[in-house]
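1. Quick check, what structure comes out for this input:
(one chain, ligands or ions: 1)
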Amino acid sequence: MNDIYLLVSSAEDEVGAPVHEWVEIEKGELSFLPELIDYCRTNVCGKYGKSWACPPACGTVEEQKEKILRYGKIFVFTTRHELEDSFDHDGMARGRERHNLLAAELKKKFGNASVYGAGACPVCETCAFPSPCPFPEKMIGSIEAAGIDVTELSKTAGIAYNNGPNTVTYFSIILLK
Ligand code: SF4
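-> Residues are numbered from 1 along each chain as shown. The predicted structure follows:
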């Protein structure tokens, strides 16, 4: 049993929810898709211009890519959540919340490493933006706003993107070293 396995188990125990799959990859295995920020601009989630973790405040994909690629190893994990049907938006929101609780716990376990979770930073009920972030050390970035192509990541990392009908799978990355 290696250290990462123990950290993951301990985070799962703290949160009371399981990681579905995890793997450590090299930074070169990440794919970036700058066009993803165009989806953010459509503001379907309502967080565009409302969170430090989302565009435009989080910076361009190029800026975020440059930061992420300063690290050598990337920890990737997913969580899988059951839905009533493919329109179960409440179930998706609950799943995202549980996923981000695990992301926050793993951030602590990995020595306050930089984490990119699902959607906008979940730490505060309402982000302080545009006032200064009161908890920069707790902030969780957005994997989508960083332009990370999760579909490609699932292929290169060997992690399932789709875990069956009426389920949703969320992805996070943690920058290790
Ligand atoms: S920690 Fe709070 S204020 Fe800071 S980015 Fe996250 S939600 Fe916004």
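2. Show me what the lowest-mean-pLDDT helix or strand in the chain is packed against.
-> For the chain, using mean pLDDT, DSSP states H and E, the weakest element among its helices and strands is helix 36-41, scoring a mean of 89. Of the remaining helices and strands, none touches helix 36-41 by 3 or more C-beta pairs under 8 Å, 6 or more residues apart in numbering; DSSP states H and E. Yep, even glycine has a C-beta here, placed from its N, CA and C like the rest.
3. can you pull the buried residues of that helix?
-> 36, 37, 40 (16 or more other C-beta atoms under 10 Å).
4. Quick check on the spatially most central residue of the chain: phi, psi?
-> For the chain, residue 117 is the residue whose C-alpha lies nearest the centre (C-alpha atoms, centre = their mean; 1.8 Å). The phi and psi values for residue 117, taken as degrees, to the nearest 10, are phi -110, psi -170.
5. Which residue comes closest to residue 106 once chain neighbours are left out?
-> residue 11 (4.8 Å; C-beta to C-beta, 6 or more residues apart in numbering).
6. Can you tell me whether I have it right that the one you found is in a strand?
-> No. With DSSP: H, G, I helix; E, B strand; the rest coil as the criterion, residue 11 is helix rather than part of a strand.
7. what's the pLDDT at it?
-> We have a pLDDT of 96 for residue 11.
8. Could you say which helix or strand holds residue 126?
-> For residue 126, there is no helix or strand it lies in under DSSP states H and E.
9. From the contact counts, what lies against the longest helix anywhere in the chain?
-> Longest helix in the chain by number of residues (criterion: DSSP state H): helix 89-109. Helix 89-109 is packed against helix 3-15, strand 73-82, strand 115-117, strand 167-175, with contacts defined by 3+ C-beta pairs under 8 Å, 6+ apart.
10. Return the member of the buried residues of helix 36-41 nearest to the ligand.
-> Using C-beta to the nearest ligand atom, residue 40 comes nearest to the ligand of these, at 15.2 Å.
11. just to revisit the earlier point, report the beta-bridge partner residues of the residue nearest to the centre of the chain.
-> Beta bridges link residue 117 to residue 142, judged by DSSP bridges.
12. Residue 165 versus that one, what's the distance?
-> 25 Å (C-beta to C-beta, to the nearest Å).
13. Tell me how far the following helix or strand past the least confident helix or strand of the chain lies from the chain's centre.
-> Downstream of helix 36-41, the next assigned helix or strand under DSSP H and E is helix 61-68. Centre-to-centre, helix 61-68 and its host chain are 15 Å apart (C-alpha atoms, centre = their mean, to the nearest Å).
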